[in-house]
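Chemist: Here's my sequence, what's the structure:
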Amino acid sequence: MDTRLLLQANCDRLLEQYEANMKVVRELQSTLIEDVLPSLADELVLDSEQIAWANQYLEDSQTIFQLLRRENFTRSFAMESIRKNLLWRFKKLWPPEPELPLTRVYFLPPDVRDPFGRPIIIIQAIGFKNSSDTYIPLLIRAMEQFRLQLKTLNDTSDQGFPVLQYIVLFDVKELSVQNLSVDLISWVLRDLVPRFPGMLAAVFIVNSSWAHSGMWNIAKRVLPASAVSRVFFSSPKELVAFFTPASLPKDYGGSIPLLYSLASRPATPGSAPSSPELTQLHSDIGASTSLSPAHISPTSLLNPFFGYPASMARGSPLLQHGRRRKRDLFHTLAVLFWLRWRRLITTCLWLIPLVLAGRLWFRKWLLLSPSGAFLLRNWWESLTM
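Modeler: Numbers count the residues shown, from 1 in each chain. Next up is the predicted model:
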């Protein structure tokens, strides 16, 4: 199906579900605020500030709708899911901190929307140089900021229908597949996204290489069909055709100002500087955008020169030594041979000394022990008879 038709159908269906279930959402919110939150406050011994913070979350109709929708509009399941979500939020997001200056994340101006009235975020992806656990708090805070920004847009919007989702332009020009963290991606899909369901209408991947396409062909086999259908690899021409120049910055063929002139996050009155730890983490992320070549293993499926070491520089694979060296191929074949037969080789290397030691012991036993000498004498007599 055409991208525009598919996204329009998804948008229309979502808005229809929202309108059809608004009464259920309001009733669910009332139950959560009047019954579930007081019970939770007694359980966790919450103070008035914490109760007010949780109440603000429960008053977010769009978020409650998405959580209800994830549970197939079954009220009892949604209520239990939201209660667990509140517990998680107190553990991970309390106390609330000032907004993060999200590095390489750009919210386009509020009046710039996709063809169906949804706000646009541009993310310029980079690899991670630290362990996955380092980025988990940052990603949780970032997703909360995305949720709050949607709520702000709905509170101030006069377009006549709610804003339920973002459109994301995911620029992978400087993202090397060698720097991807499988553990971090798995955590995002398994643990983080279910806490903020339904916020992404579509992801347009731009400036991709053959390596990114190959990685996606592998990843989409394990992702649900609903997620796969929302990801599009787009050329510059296709991007402009869908969004129109008036909805894209000049960096991507549009007519609005360049990204560097846009704020990395929506301006919020009274926002304060972030904590020193998170500020340092952002500095680390900015520093990890080095354009130094990334090593590709000779046995990687993403290596077009299989058997020879290669590197990825500016999205293009290159032979590490400029040519195919026989020694590199021999080394790769030796490694593959060892990986294939190492268990058998290791077993044999252990058995050989054991057999030799056994034979030596048996000879000494025959010659020195009385029973051994008796057996040897009987054997010799049987031969001479």
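Chemist: Any idea how many residues pack against Ile64?
Modeler: 20 (other C-beta atoms under 10 Å). Using the backbone N, CA and C atoms, a C-beta is placed for each residue, glycine as well.
Chemist: Does it touch Leu28 like I think?
Modeler: Yes. Counting by C-beta atoms under 8 Å, Ile64 touches Leu28, with 6.2 Å between them.
Chemist: tell me the contacts of Glu43?
Modeler: Residues counted as contacts of Glu43 (C-beta atoms under 8 Å, 6 or more residues apart in numbering): none.
Chemist: From the chain's centroid, how far away is the strand or helix carrying it?
Modeler: Assigning secondary structure by DSSP states H and E places Glu43 in helix 37-44. Relative to the chain's own centre, helix 37-44 is displaced by 33 Å; criterion: C-alpha atoms, centre = their mean, to the nearest Å.
Chemist: Please enumerate the helices of the chain.
Modeler: 3-20, 22-31, 37-44, 48-58, 61-70, 75-92, 132-156, 182-187, 210-219, 225-228, 236-243, 276-287, 326-368, 370-384 (DSSP state H).
Chemist: Out of those, which is the most enclosed?
Modeler: Compared across the helices of the chain, helix 61-70 shows the largest average neighbour count, a mean of 21 (mean count of other C-beta atoms under 10 Å).
Chemist: and the angle for that helix with helix 22-31?
Modeler: 100 degrees (axes from the mean of the first three to the mean of the last three C-alpha atoms, to 10 degrees).
Chemist: what's helix 61-70 packed up against?
Modeler: helix 22-31, helix 75-92, helix 132-156 (3 or more C-beta pairs under 8 Å, 6 or more residues apart in numbering; DSSP states H and E).
Chemist: In the stretch 151-300 of the chain, where is pLDDT below threshold?
Modeler: The model of the stretch 151-300 of the chain has pLDDT under 70 over residues 178-179, 182, 263-297, 299-300.
Chemist: hang on, the earlier thing: where among the helices and strands packed on helix 61-70 is average confidence lowest?
Modeler: For those, the bottom mean pLDDT is recorded on helix 132-156, which sits at a mean of 88.
Chemist: List the contacts of Ala202.
Modeler: Under the criterion of C-beta under 8 Å, 6+ apart, the neighbours of Ala202 are 7, 167-168, 230-232.
Chemist: With Leu108 instead?
Modeler: Contacts of Leu108 by C-beta under 8 Å, 6+ apart are 119-122, 247, 249, 256, 262.
Chemist: any idea of the mean pLDDT in the helix holding Glu43?
Modeler: 94.
Chemist: Begin at 10 from now on, thanks
Modeler: With the count now opening at 10, the last piece we talked about shows up as helix 46-53.
Chemist: just the CA coordinates of that helix, formatted as CSV?
Modeler: The C-alpha trace of helix 46-53 is given here as CSV (Å, rounded to 0.1, in the frame of the first residue of the first chain):
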residue,chain,number,x,y,z
LEU,A,46,-4.5,6.6,43.5
PRO,A,47,-5.6,6.8,47.2
SER,A,48,-5.0,3.1,47.6
LEU,A,49,-1.6,3.5,46.1
ALA,A,50,-0.9,6.6,48.3
ASP,A,51,-1.5,4.5,51.4
GLU,A,52,0.6,1.7,50.1
LEU,A,53,3.6,3.8,49.3
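Chemist: so it versus helix 31-40, what angle?
Modeler: Helix 46-53 and helix 31-40 are oriented at 40 degrees to each other (the same axes, to 10 degrees).
Chemist: how big is the angle separating helix 46-53 from helix 84-101?
Modeler: Here helix 46-53 runs at an angle of 40 degrees relative to helix 84-101 (the same axes, to 10 degrees).
Chemist: what angle sits between helix 46-53 and helix 57-67?
Modeler: Angle of helix 46-53 versus helix 57-67, following the same axes, to 10 degrees, is 140 degrees.
Chemist: I'd like the distance between the closest residue to Leu49 other than its chain neighbours and Pro124.
Modeler: Using C-beta to C-beta, 6 or more residues apart in numbering and skipping residues adjacent in sequence, the residue nearest Leu49 is Leu95, 6.0 Å away. Distance of Leu95 to Pro124, computed by C-beta to C-beta, to the nearest Å: 36 Å.
Chemist: Show me the one in the contacts of Ala211 that has more neighbours than the rest.
Modeler: Busiest of those [other C-beta under 10 Å] is Ile176, holding 24 neighbours.
Chemist: bridging residues for that one?
Modeler: Beta-bridge pairing of Ile176 under DSSP bridges involves Ile129, Ala211.
Chemist: ok, now which ones touch the residue nearest to the spatial centre of the chain?
Modeler: Nearest to the geometric centre of the chain sits Ile194, at 2.5 Å (C-alpha atoms, centre = their mean). Ile194 makes no contacts at all, as judged by C-beta under 8 Å, 6+ apart.
Chemist: got the end-to-end distance for stretch 248-261?
Modeler: 8 Å (C-alpha to C-alpha, to the nearest Å).
Chemist: gap between it and the chain center?
Modeler: Worked out by C-alpha atoms, centre = their mean, stretch 248-261 lies 26 Å from the chain centre.
Chemist: what's the answer for stretch 104-117, then?
Modeler: For stretch 104-117, the distance to the chain centre is 18 Å (C-alpha atoms, centre = their mean).
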